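A.B. asks: A predicted structure for the sequence below; I have some questions about it.
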Amino acid sequence: MQDSVAEICPGLWRIRLPFSFELNHVNVHLVRLDDGYLLIDCGIHSEDCFHVLEASLRRLGIAWNQIRVLFITHGHPDHVGLAPRVLELSRARVLIHRVELAHLDTIAHLVENPHSLDHQLRAWGVPADQVDAITHAFTGVRRSFQKLGHAETLEGGELLYTAIGPLETVWTPGHSPGHLCLLASDRRLLISGDHVLPTITPNIAWMPGADPLADYLNSLRRVENLPVDSVLPSHGDPFPGLLSRVRETAAHHDARCGRILEALHNGPRSPFQIAGFLWGNRLSSFQQRFALFEVMAHLVYMENRYRARQVAIDPVSTWSRA
Ligand SMILES: [Zn+2]
Ligand SMILES: [Zn+2]
């Protein structure tokens with residue numbers, strides 16, 4: 001608890017909240033305003049997380065009703081899970097990208113219909129017993145997705161005026177379609193959400209009718225030359241060298257495309273077989289789902305660039321080199 005709050009600079013704090021899934025924490029940020037505070041993301045929907053957030057605010061001498069604005073980088077459960085509780089206590093305004101707000105409705109549909117993706121998993125070659133396991137593994141997480149009733153929507157490019165200078169919203173779709181970073185030019189800082197992370201790369205997941213990996217790589221280019229000395233990520237510690245991290249991250253996806261082409265070396269394979277080639281059978285059902293959606297995002301990207309093509313659809317989709 002002692003270490004949960006770190007002052008980044010006067011008027012800006014990082015609060016590290018517990019997160020029980022694959023990562024052990026998520027960072028949220030607090031910025032002083034003229035008349036209160038701006039909270040950037042709010043952690044997962046759990047008692048643990050709520051208590052650490054509450055204790056951290058108390059330590060800073062901040063009451064719930066001084067939180068005037070809740071800014072959401074994107075709608076993943078570790079970023080938005082506590083929103084209903086925070087909003088009930090603070091009555092804060094909520095800011096989120098327009099596309100992300102709509103995306104939360106799509107996810108809400110999945111929460112209400114947990115088996116609606118089962119046919120998709122079967123079509124990707126997942127054996128029936130594993131389809132059930134994957135769907136079950138995800139039920140708990142989905143409960144932490146939250147609909148935001150009365151949010152104000154952003155497009156990117158807006159300025160939020162704070163005690164550390166204006167924060168410019170930067171739309172960075174890819175990891176999530178309405179992901180926003182915040183650029184604090186006066187402090188040469190980028191609050192990067194999950195867009196650029198120091199030690200891991202964010203999951204890029206297939207979405208019907210979209211090319212999220214292309215969006216993501218474009219969004220990396222959108223931030224690579226921003227005038228910043230330090231990046232404040234949602235997972236991990238602040239780090240310098242935005243441009244080199246962007247290049248490493250882009251290279252990671254390039255390498256993954258290369259590995260997928262290797263998987264297709266001896267003929268067509270299903271996404272499930274490709275995931276097996278990449279990660280073996282050491283994945284939990286929870287990780288298996290991320291792996292499949294990640295493989296599919298790369299296949300769609302390569303299909304759009306004539307590097308791979310879908311050669312069968314029914315009953316299982318298989319892919320070959322183009
Ligand atoms: Zn995320
Ligand atoms: Zn995250």
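C.D. replies: That came in fine, so what should we check first? Ligands and ions are numbered 1, 2, ... in the order given.
A.B. asks: which parts of the stretch 1-150 of the chain sit against ligand 1?
C.D. replies: residue 76 (CB under 5 Å from the ion). To be clear about C-beta, it is placed using only N, CA and C from the backbone, and glycine gets the same treatment.
A.B. asks: Can you find the residue of the stretch 201-322 of the chain that comes nearest to ligand 2?
C.D. replies: In the stretch 201-322 of the chain, the residue that lies nearest ligand 2 is residue 234 (4.8 Å; CB to the ion).
A.B. asks: which parts of stretch 114-125 are buried?
C.D. replies: 117-118, 120-125 (16 or more other CB atoms under 10 Å).
A.B. asks: quick revisit: who's in contact with the residue of the stretch 201-322 of the chain closest to ligand 2?
C.D. replies: Going by CB atoms under 8 Å, 6 or more residues apart in numbering, residue 234 touches 26-28, 41, 73, 78-79, 192-194, 197.
A.B. asks: from the buried residues of stretch 114-125, which is closest to ligand 1?
C.D. replies: Ligand 1 has its nearest neighbour among those in residue 117, at 18.3 Å by CB to the ion.
A.B. asks: for the protein, which helix is longest?
C.D. replies: helix 242-263 (DSSP state H).
A.B. asks: Can I get that helix as PDB, trimmed to CA atoms?
C.D. replies: In PDB, the C-alpha atoms belonging to helix 242-263 read as follows (Å, rounded to 0.1, in the frame of the first residue of the first chain):
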ATOM      1  CA  LEU A 242       9.300   6.200 -27.000                       C
ATOM      2  CA  LEU A 243      10.600   5.900 -30.600                       C
ATOM      3  CA  SER A 244      12.800   2.900 -29.900                       C
ATOM      4  CA  ARG A 245      10.000   1.100 -28.000                       C
ATOM      5  CA  VAL A 246       7.600   1.800 -30.900                       C
ATOM      6  CA  ARG A 247      10.100   0.300 -33.300                       C
ATOM      7  CA  GLU A 248      10.600  -2.800 -31.100                       C
ATOM      8  CA  THR A 249       6.800  -3.200 -30.900                       C
ATOM      9  CA  ALA A 250       6.300  -2.900 -34.700                       C
ATOM     10  CA  ALA A 251       9.200  -5.400 -35.200                       C
ATOM     11  CA  HIS A 252       7.500  -7.800 -32.800                       C
ATOM     12  CA  HIS A 253       4.400  -7.900 -35.100                       C
ATOM     13  CA  ASP A 254       6.500  -8.200 -38.200                       C
ATOM     14  CA  ALA A 255       8.300 -11.200 -36.600                       C
ATOM     15  CA  ARG A 256       5.000 -12.800 -35.600                       C
ATOM     16  CA  CYS A 257       3.700 -12.500 -39.200                       C
ATOM     17  CA  GLY A 258       6.900 -14.300 -40.300                       C
ATOM     18  CA  ARG A 259       6.300 -17.100 -37.700                       C
ATOM     19  CA  ILE A 260       2.800 -17.500 -39.000                       C
ATOM     20  CA  LEU A 261       4.100 -17.900 -42.500                       C
ATOM     21  CA  GLU A 262       6.400 -20.600 -41.200                       C
ATOM     22  CA  ALA A 263       3.400 -22.300 -39.600                       C
END
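A.B. asks: Does anything pack onto it? Which helices or strands?
C.D. replies: On a contact count with 3 or more CB pairs under 8 Å, 6 or more residues apart in numbering; DSSP states H and E, helix 242-263 meets helix 212-224, helix 271-279, helix 285-304.
A.B. asks: And for the protein, the residue most distant from the center?
C.D. replies: In the chain, the residue that sits farthest from the middle, by CA atoms, centre = their mean, is residue 266; the gap is 34.1 Å.
A.B. asks: before we move on, what SS does that residue have?
C.D. replies: Secondary structure, DSSP: H, G, I helix; E, B strand; the rest coil: residue 266 is coil.
A.B. asks: Point out where the stretch 51-200 of the chain drops to low pLDDT.
C.D. replies: 140-146 (pLDDT under 70).
A.B. asks: circling back to that earlier point, would JSON lines of the helices and strands packed on helix 242-263 with distance to residue 206, mean pLDDT and mean neighbour count be doable?
C.D. replies: Shown next, in JSON lines, are the helices and strands packed on helix 242-263 (distance: least, CB to CB, whole Å; pLDDT from 0 to 100; neighbours: other CB atoms under 10 Å):
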{"stretch": "helix 212-224", "distance to residue 206": "7", "mean pLDDT": "98", "mean neighbour count": "19"}
{"stretch": "helix 271-279", "distance to residue 206": "9", "mean pLDDT": "97", "mean neighbour count": "21"}
{"stretch": "helix 285-304", "distance to residue 206": "3", "mean pLDDT": "96", "mean neighbour count": "21"}
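A.B. asks: is ligand 1 contacted by stretch 167-180?
C.D. replies: No. Stretch 167-180 lies out of reach of ligand 1 by CB under 5 Å from the ion, never closer than 5.5 Å.
A.B. asks: Ends of that stretch, what's the gap?
C.D. replies: 11 Å (CA to CA, to the nearest Å).
A.B. asks: can you pull the buried residues of it?
C.D. replies: 167-180.
A.B. asks: if we can go back for a sec, can you list the contacts of residue 234 in TSV and add distance to ligand 2 and secondary structure?
C.D. replies: Putting those into TSV (distance: CB to the ion, whole Å; DSSP: H, G, I helix; E, B strand; the rest coil) gives the following:
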residue	distance to ligand 2	secondary structure
26	6	strand
27	9	strand
28	10	strand
41	8	coil
73	8	coil
78	4	helix
79	6	helix
192	11	strand
193	7	strand
194	4	coil
197	8	coil
